[in-house]
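**Student:** sequence below, structure please.
(one chain, ligands or ions: 1)
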Amino acid sequence: MSGIRSTVRVAPGILFVEGPLSNWTVFHGAGAVELVDCGYPADLPLVEESIRIAGADPADLRRILITHGHSDHLGASARLAAERGVVVAASPAELPNVRRDVTEQVTVADLFPSIFKRGTVRWVVAAVRAGGLGDVGVRDAVAVEGESILLSTGHELQLVPAPGHTTGSVCFFEPESQSLLSGDAVVSGHPLLRDSGDLQQLPGFFQHDADEAARSARRLVLCDAARILPGHGPIVELAPYAAG
Ligand SMILES: [Zn+2]
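**Tutor:** Numbering: from 1, shown residues only. Take a look at the predicted model:
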């Protein structure tokens, strides 16, 4: 579990990347690159590799939009911000978690009741190795303003609040390709879930507020996305709406 699992060219300038343990999406165009999420801290070389696979240059990375401030989505954002001036942005409600003024993240103690379930120890070891327990907070992260974000690549993303997994969790909707980048609000697989491929929620101990997360997931089902680009698991193509 050390390399990129798969990449999917969703639309011009949009590459969905299934990383070793979590996913991210590369947007590129007009000489610029922006990301939604960026894996674990140790995934930085893979993030750069995926930008090259997309046909772009990692040096052109301008901004990372974060669905929520968990270490498997924040990745090496802090380092990229400090060393290369990359802007790291999240919803206003998620900023305290991204900056680590508060910490809403599952701990090893939370997992203890599940430790004898198949796959748990292996996943914990892989997550820790990938930097999951490190200090990933981005002190100078900024808030994304408004409901619609124009990327420097020419793409537009709409902010879709999906609280529950964390207080300020969001999804991003790309209207041109009708893709919903769902973060961890809904996923299609995870080493600690039995089934892979179908849309589902992460196990309850991963949710900051499980009831609110369930309400958000139900609301997302009503959105008019043609496909879901989840934070974990493969891309999910939704059946086109059949008229009549
Ligand atoms: Zn998460």
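**Student:** give me the nearest residue to residue 97, chain neighbours excluded.
**Tutor:** Spatial nearest neighbour of residue 97, chain neighbours left out: residue 69 (3.7 Å); criterion: C-beta to C-beta, 6 or more residues apart in numbering. The way it works is simple: take the backbone N, C-alpha and C, and place the C-beta from them, glycine included.
**Student:** quick check: phi and psi on the one you found?
**Tutor:** The phi and psi values for residue 69, taken as degrees, to the nearest 10, are phi -90, psi 40.
**Student:** residue contacts, it?
**Tutor:** Counting by C-beta atoms under 8 Å, 6 or more residues apart in numbering, residue 69 touches 90, 94, 97, 98, 99, 100, 104, 105, 137, 166, 168.
**Student:** now intersect those residues with the helices, please.
**Tutor:** Mapping the contacts of residue 69 onto helices (DSSP state H) picks out 97, 98, 99.
**Student:** closest one of these to residue 235?
**Tutor:** Each of the ones in helices among the contacts of residue 69 was checked against residue 235 using C-beta to C-beta; the closest is residue 98, at 25.2 Å.
**Student:** could you find the closest non-adjacent residue to the closest one?
**Tutor:** Leaving aside its sequence neighbours, residue 98 sits nearest to residue 69 (C-beta to C-beta, 6+ apart; 3.9 Å).
**Student:** so for residue 56, what pLDDT did the model give?
**Tutor:** Residue 56 is assigned 98 on the pLDDT scale.
**Student:** before we move on, the earlier item: filter the contacts of residue 69 to the buried ones?
**Tutor:** For the contacts of residue 69, burial is judged from neighbour counts taken by 16 or more other C-beta atoms under 10 Å, and it is met by 90, 94, 97, 98, 99, 100, 104, 105, 137, 166, 168.
**Student:** what lines up beside the host helix or strand of residue 160 in the sheet?
**Tutor:** In this structure, residue 160 is located in strand 156-161 according to DSSP states H and E. Strand 156-161 has the following sheet partners, assigned by DSSP bridges: strand 148-150 (antiparallel), strand 170-174 (antiparallel).
**Student:** wait, does the longest one contact the ion?
**Tutor:** No: residues of strand 170-174 contacting the ion under C-beta under 5 Å from the ion: none, with a closest distance of 12.0 Å.
**Student:** wait, which of the ones in helices among the contacts of residue 69 is closest to residue 4?
**Tutor:** Nearest to residue 4 among the ones in helices among the contacts of residue 69: residue 98, at 24.4 Å, using C-beta to C-beta.
**Student:** that closest one touches residue 74, doesn't it?
**Tutor:** Yes: under the criterion of C-beta atoms under 8 Å, residue 98 is in contact with residue 74, at a separation of 6.7 Å.
**Student:** nice, that's everything, thank you.
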